[in-house]
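[1] Here's a sequence, model it:
(one chain, ligands or ions: 1)
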Amino acid sequence: MDLSKRKFKEDFKKMLTEVYSMDISESETTEQYVTLGNLIRSYSSKNWGRTNQRYIEKKKKQAYYFSMEFLLGRMLKSNLLNLGILDTVRDGLRDLGIDLEEIAQIEPDPGLGNGGLGRLAACFIDSMATSEIPAHGNGIRFKYGLFKQKFVNGYQVELPENWLQNGNVWETRKMHAAVNVRFYGKVWLEQTSAGVLEPHYEDTQEVLAVPYDTPVVGFNNDVINTLRLWSAEVPPQDDITDYWSYIHQRNQIESISEVLYPDDSNYEGRLLRLKQEYFFVSAGIQSIIRHYKKMDLSMNHLAEKVAIHINDTHPALCVPELMRILLDEEKMDWEHAWNVTVNVMSYTNHTIMSEALEKWPIEMISTLLPRIYQIICEIDRRFTMKMSTLFEREIVERTRIIEGGHVKMAHMAIIGSHSVNGVAQLHTTILKEKVLHDFFLVYPSKFNNKTNGITQRRWLMLANEPLCDLINRKIGNEWETTPTELKMLKAFRDDEKTLLELAQIKRLNKERFAEHIKKTMDLTINPDAIFDVQIKRLHAYKRQLLNLLHILSLYFQLKDDPQADIHPRVFIFGAKAAPSYTYAKQIIKLINSVADLINHDAAIADKLKIVFVENYGVSLAEKIIPAADVSEQISLASKEASGTSNMKLMLNGAITLATLDGANVEIRDRVGEKNIVIFGLREDEVYQYYHDGSYQSRSYYENNPVLHRVLNGLIDGTIPGAEAEGRSVFDSLVQYGDEYFVLRDFEAYADAQKHIDQLYRDTLQWQKMALINIAGAGVFSSDYTVQQYASQIWDVSSKVRNI
Ligand code: 26W
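    Sure thing, here's the model as predicted:
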């Protein structure tokens, strides 16, 4: 948008007076933040209305991305950037004696997600608006986001994350768009005079779903889409007969949108979680149908105007809910309704971990959602009947929805969608050949791959301005809208001046991060050391333990030989563990205890340091990633569906140290063997071990002297304060089979780390690798990913840019 500095300053002062009746000199950062937020909203409101108007006038097909999680991060600067007024506002504020950075830090970081899946949804909505795709997000407005993590004596402690405490400048409550969601009760079907079956309900509990809309600003294009998040409230009541029971009922209803479940990849069959899932699915679909009706088209054409995306299985109830509306409210017959539903729905799988697969006890679903359960039964009956004529019994039994007393959500999502995709090539192959092989036999053409991506706006333009400036000086800024143009950087691969500039920028970012660590943790780290980063949820399959065992081996090496030729390293961890995941919490404690030991060992000085940042999330990621030299992507091959921190780190010039898992495979293909360090078991070798059951972890403990010493270190008192955790981890690795092949991959990992150490010593060579990584990162822009969803799955328009 066009905005002069002069106009901005006037607007800002005026808004400050309007909102707070204040003068700049009296205002504090909080007031300045709210004022700026309001101003940005007023700047975008015209285009927000216009975008919606355009979609309606042109009767555009629109896509709705249903996701339990949107891990947005702070929005102030990203809105300014996308509106094209970041520099103007920064300058204008400076004139007024205000530091934009300081204001930006005041914003609470809305942590409405657990990890990769939620952050992907946030990158997607940014890219959808930027790619001019008519698509919106639909989710839950959790009052409390993912817990705040504190370390107390090295242990993770969870505190509530009350992100709405001081209000939220970005959202608008839309009372007129509220809908009712029905739970519990009895339902029966009665034939009408016209001969159609009509459901009748008794004793239901009605919940009012109130939408809060947030604008999703496209980058320099006047497009503003919508993120609609639902909040649960008590429907208005004329007469309250029993006050106390009303209060009780209100608490029960409001608890639906109270808190995000802090588990990723470990499903918990709690009733409240099922309520959350149906709540935002039903509210979202009702509001889509309401909107569709304004176009005055027959329900038979719904799939020509609406696409609904099911982000993992959490919103899989979309399938029976749309069926319910088409059958019960729109009086369609089953075949037509089913046809429309399948054409509207598409589904993404984000994990192969079997413990993450949601399945709900029949009893629970049939009590909470009696009508939905009837419909699920009918979908299941028709599926098994039809498939029995085409496939052997075992296949039908293994693919049906209702089985073993449970409703299997992934099966429902697959059967009810026209498209099923994985999130990296390897992941999709594993789905087709292993995890969902039966479904692949039944529906081969539904399966496709859409490799994940990240938004270069947040993860480069905002997080790493110095690097961004360098890139723009070298190749111009076309890459901002056509990220593959970053490949032009390759022309500078042998340009010493450019490589040294790159080194200087990394150094600057490392200094800044070091300052932050000094301030927040009172820990001194040396910017000349290699900054080695592993940031992701704590999970056994991601193998933070492998990293830790290697650190211990370096520690012992230095204790034995203080002159050992090891380049100084700072190992940086950021990770939250699910509160109920005991093993993951033990690993956190262990890392913290080893950090205590090493960081305070005067003999080690600054050769080794461990920084485990508290409360890792989007805002911390923005600080860590630009400062990273090494990107740890060391999950057991076959287990990480894609990974996305691998892409963010690569884009910021870190060198990837990885197994051939998830999208690491595609990163290797992009940059070539020489510009990435690969180690460890391959996916087929892992499956071979599963097949022949021949892995003996104990033999690695017994036969590798380095590993032997490191593992003994866990149980011989070397690590003060973590005796119980050391024992538990030791046992899991040595006695109980080492489920994720940590010991099997240890030697290869240690060798790979040695290789990194050697490579880093040659600055020019290292920066050349970094440059090739940045140059190759463009294909992993979520702009391309969503453009492929738009054209290949949703069939909605987009501004396609060539890869
Ligand atoms: C408790 C239920 C549950 C189950 C699974 C909650 C959350 C999940 C998610 C699917 C876990 C998740 O975030 N998966 C990650 O998705 C990313 C985006 O596709 C991938 O990059 C990661 O590899 C994958 O672990």
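
[2] Let me see the mean pLDDT of stretch 222-234.
    Mean pLDDT, computed over stretch 222-234, is 98.

[3] Nearest spatial neighbour of the residue of the stretch 1-150 of the chain found nearest the ligand, chain-adjacent residues omitted?
    Nearest residue of the stretch 1-150 of the chain to the ligand, counting by Cβ to the nearest ligand atom: residue 116, 2.9 Å away. In short, each C-beta sits where N, CA and C put it, glycine included. Nearest residue to residue 116 in three dimensions, chain neighbours excluded: residue 644, at 5.5 Å (Cβ to Cβ, 6 or more residues apart in numbering).

[4] count of neighbours near that neighbour?
    25 (other Cβ atoms under 10 Å).

[5] Residues of this structure that sit close to the ligand?
    Taking Cβ under 6 Å from any ligand atom, the part of the chain that reaches the ligand is made up of 114-117, 120, 263-267, 312, 350-351, 356, 423, 452, 640-644, 662.

[6] What's the separation between residue 559 and the ligand?
    Taking Cβ to the nearest ligand atom, to the nearest Å as the measure, residue 559 falls 36 Å from the ligand.

[7] Quick check: closest non-adjacent residue to that residue.
    Computed as Cβ to Cβ, 6+ apart, the closest residue to residue 559 that is not its neighbour in sequence is residue 603, at 7.0 Å.

[8] mind listing what residue 353 touches?
    Residues in contact with residue 353, defined by Cβ atoms under 8 Å, 6 or more residues apart in numbering, are 265-266, 541, 639.

[9] quick check: longest strand of the chain.
    Counting by DSSP state E, the longest strand found in the chain is strand 205-217.

[10] partner strands of that strand, parallel or antiparallel?
    Counting by DSSP bridges, the strands paired with strand 205-217 are strand 172-173 (antiparallel), strand 179-183 (antiparallel), strand 224-233 (antiparallel).

[11] Dump the C-alpha coordinates for that strand into CSV.
    This file holds the C-alpha atoms of strand 205-217, laid out as CSV (Å, rounded to 0.1, in the frame of the first residue of the first chain):
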residue,chain,number,x,y,z
GLN,A,205,-26.8,-29.8,24.6
GLU,A,206,-26.4,-26.7,22.4
VAL,A,207,-23.2,-24.8,22.2
LEU,A,208,-22.8,-21.4,20.6
ALA,A,209,-19.8,-21.2,18.4
VAL,A,210,-18.7,-17.6,18.0
PRO,A,211,-16.1,-16.8,15.3
TYR,A,212,-13.2,-14.5,15.7
ASP,A,213,-11.7,-13.5,12.4
THR,A,214,-8.1,-12.5,11.8
PRO,A,215,-7.0,-10.9,8.5
VAL,A,216,-4.3,-12.8,6.6
VAL,A,217,-2.4,-10.3,4.6
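
[12] Distance from that strand to the middle of the chain?
    21 Å (Cα atoms, centre = their mean, to the nearest Å).

[13] Likewise for stretch 646-657?
    The chain centre lies 17 Å from the centre of stretch 646-657; the measure is Cα atoms, centre = their mean.

[14] So for that stretch, mean pLDDT?
    On average, stretch 646-657 scores 99.

[15] again, but for stretch 348-368
    In this model, stretch 348-368 carries a mean pLDDT of 95.

[16] Only C-alpha atoms, please: export that stretch in CSV.
    Only the C-alpha atoms of stretch 348-368 are listed here, as CSV (Å, rounded to 0.1, in the frame of the first residue of the first chain):
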residue,chain,number,x,y,z
THR,A,348,-3.1,-34.7,4.5
ASN,A,349,-1.3,-37.3,6.6
HIS,A,350,1.5,-35.8,8.8
THR,A,351,2.8,-38.8,10.6
ILE,A,352,3.5,-42.5,10.3
MET,A,353,3.8,-43.0,14.1
SER,A,354,1.2,-45.5,14.9
GLU,A,355,0.6,-44.1,18.4
ALA,A,356,-0.5,-40.9,16.8
LEU,A,357,-3.4,-42.5,14.9
GLU,A,358,-6.7,-41.3,16.3
LYS,A,359,-9.4,-43.8,17.0
TRP,A,360,-12.4,-43.2,19.2
PRO,A,361,-14.3,-45.7,21.2
ILE,A,362,-17.8,-46.3,19.6
GLU,A,363,-19.3,-45.7,23.0
MET,A,364,-17.9,-42.2,23.2
ILE,A,365,-18.8,-41.1,19.7
SER,A,366,-22.3,-42.6,19.8
THR,A,367,-23.1,-40.9,23.2
LEU,A,368,-21.6,-37.5,22.3
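
[17] in that stretch, what's buried?
    Buried residues in stretch 348-368, counting neighbours by 16 or more other Cβ atoms under 10 Å, are found at 348-353, 356-360, 362, 364-366, 368.
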